[in-house]
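1. Mind folding the following:
(one chain, ligands or ions: 1)
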Amino acid sequence: MTEKIQSLTGMNDILPDTVSLWQRLETTCRQVFAHAGFAEIRTPLLEATALFSRGIGDDTQVVQKEMYTFLDKGGDSVTLRPEGTAGVVRAYIEHALQAQEEVLKLYYMGPMFRYERPQKGRLRQFHQIGVEVFGVDSPFADAEVITLADRIAKGVGLSGYQLFLNTLGTKEEREPYLAKLIIYFSKFSHDLCGECQKRLHKNVLRIFDCKNPQCASVAEDAPFLMDDLSPRSRGHFESVQNALTVAGVAFEVKPRVVRGLDYYEKTTFEFVSDQLGAQSAFCGGGRYNQLVAELGGKDTPGVGFGMGCERVIMLMEQAVSVGAVREPPMNGIYFVAIADRALPEAPLQKARELVQRLRDAGVRADAGFEAKSLKSQMRRANKLGYAKAAILGEDELAKNVVTLKDLVTGEQSEVPFEELCKIPPPPL
Ligand code: HAM
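-> This next block holds a predicted model:
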């Protein structure tokens, strides 16, 4: 027997039975983004490796261990994008988008790639829906992107999640703080894991990311950055919090939310849910005021988030199973053609003709492609969530009518073909 080829580890098919949730998430996002004045941008999946090593940071876990990097046939080092921000920033610079709008609000959706150890909620190909706002260093912009993520989460039926908020201050403010951290962690260096001992001098903030219980316990008593912030940064952070309160977004200030990517400064945040297991963050983001300049553009502030679709879908599935998200209402007409003894094909032919007329008029309609028993066709109409079954047999055909059965109430009546085709489409 020929050997079957399987999908790659950590790269999942999204099958038709969950696609409706994906579509609901995407539709909700597009609506929320359109109302807030965000335009879509689509960038390539493959970019020059240097974009990510410079953009995300050479010392980060993502760049060090997780990138799908290879030489293309021309010998250039290319990488499958591990996140969306760097590519959007590249496009922003390359196409001089700042010249089009002083403040530019963009969103994107699509697959990202990280060579991580797969586990629940952690994949090698996963999807993000993200936003980036360029050109303004206002706390209102930070609050706007956070509020968008909150409204999307609520819009798809999620509840019981938490928003953790932090500020990393500016690069200058962080310098003396990092020195303090190095002194602090050096005192406990023998308690830190091998990885954190390396982080101590390379990128000390990363120690807060470590899941090792001993490192986490040492990190608990480390100094807080908040104490070193300038009045300006402190004011920015307070304004973000005020704006979130006004928008009705609940949050908790968590000084240890450092994020896994190096480009952040000032506001950072994560949406987490304890229903997700170890990979609890379903959205993360923050402000990155140096990134555009670091990637060769003009000094331009930015802020955004990336939402992990697979994790949001897992939460939506749970919400559906407890009834917090409603199934879409039944709608449309399913034709049930009963084979005629004299002209076996005639009812099916008529059914297919009427299906097309209804579809052309904007009504959801379907029928089988072959003659089947009445019972199996009715079962299919119910399974597919149709509101009505239009039964078409020898008698109906002779009278130019269908027997229209309401699949909710069971009521039925004869309806002429011409009238059936005048049924107005349901509102979208
Ligand atoms: P990130 O925190 O690396 O941020 O990723 C954002 C979200 O993507 C995470 O909260 C998580 O839900 C999801 N995610 C990350 N890795 C995986 C994975 N291996 N499997 C499944 N889901 C995953 C960024 O990527 C930034 N670009 C966000 C941003 C935009 N910051 C500013 N603008």
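
2. ok, residues contacting the strand or helix carrying residue 389?
-> Here residue 389 is covered by strand 388-392, with elements defined by DSSP states H and E. Residues outside strand 388-392 that contact it (Cβ atoms under 8 Å, 6 or more residues apart in numbering) are 332-338, 347, 350-351, 354, 374, 377-378, 381, 402-407, 415, 420. Where C-beta positions appear, they are placed from N, C-alpha and C, glycine not excepted.

3. Show me just the buried residues among those.
-> 332-338, 347, 350-351, 354, 377-378, 381, 402-405, 407, 415, 420 (16 or more other Cβ atoms under 10 Å).

4. In helices, which of those fall?
-> Of the positions in the buried ones among the contacts of strand 388-392, 347, 350, 351, 354, 377, 378, 381, 420 sit in helices, assigned by DSSP state H.

5. Quick check: phi and psi at the nearest residue to residue 97 once chain neighbours are set aside.
-> Distance criterion Cβ to Cβ, 6 or more residues apart in numbering; nearest residue to residue 97, sequence neighbours excluded, is residue 104 at 5.6 Å. Residue 104 adopts backbone torsions of phi -110, psi 130, taken as degrees, to the nearest 10.

6. do the same with the one 4 residues further on
-> Summarising the backbone geometry of residue 108 under the convention degrees, to the nearest 10, its torsions are phi -150, psi 160.

7. Tell me the bridge partners for it.
-> Beta-bridge pairing for residue 108 (DSSP bridges): residue 130.

8. check contacts around it.
-> Contacts of residue 108 (Cβ under 8 Å, 6+ apart): 40, 41, 42, 43, 84, 88, 128, 129, 130, 131, 132.

9. try residue 394
-> 338, 340, 341, 342, 347.

10. and if you look at residue 90?
-> Per Cβ under 8 Å, 6+ apart, neighbours of residue 90: 43, 47, 51, 55, 295.

11. The residue of the stretch 301-428 of the chain found nearest the ligand: what's it in contact with?
-> Nearest residue of the stretch 301-428 of the chain to the ligand: residue 308, at 2.2 Å (Cβ to the nearest ligand atom). Taking Cβ under 8 Å, 6+ apart, we find residue 308 in contact with 121, 126, 127, 128, 281, 282, 283.

12. Which strand residues bridge it?
-> residue 128.

13. who in the stretch 201-350 of the chain is up against the ligand?
-> Proximity of the stretch 201-350 of the chain to the ligand, by Cβ under 6 Å from any ligand atom, involves residues 260-261, 281-286, 304-306, 308, 310-311.

14. Without its sequence neighbours, what residue ends up closest to the residue nearest the centre of the chain?
-> Taking Cα atoms, centre = their mean, the centroid of the chain lies closest to residue 309, which sits 3.3 Å from it. Spatial nearest neighbour of residue 309, chain neighbours left out: residue 127 (3.9 Å); criterion: Cβ to Cβ, 6+ apart.

15. repeat for residue 10
-> Sequence neighbours aside, residue 124 is the residue nearest to residue 10 in space, at 3.1 Å (criterion: Cβ to Cβ, 6+ apart).

16. Quick check: mean pLDDT of the top helix by length along the chain?
-> Counting by DSSP H, the longest helix found in the chain is helix 16-35. Average pLDDT, helix 16-35: 94.
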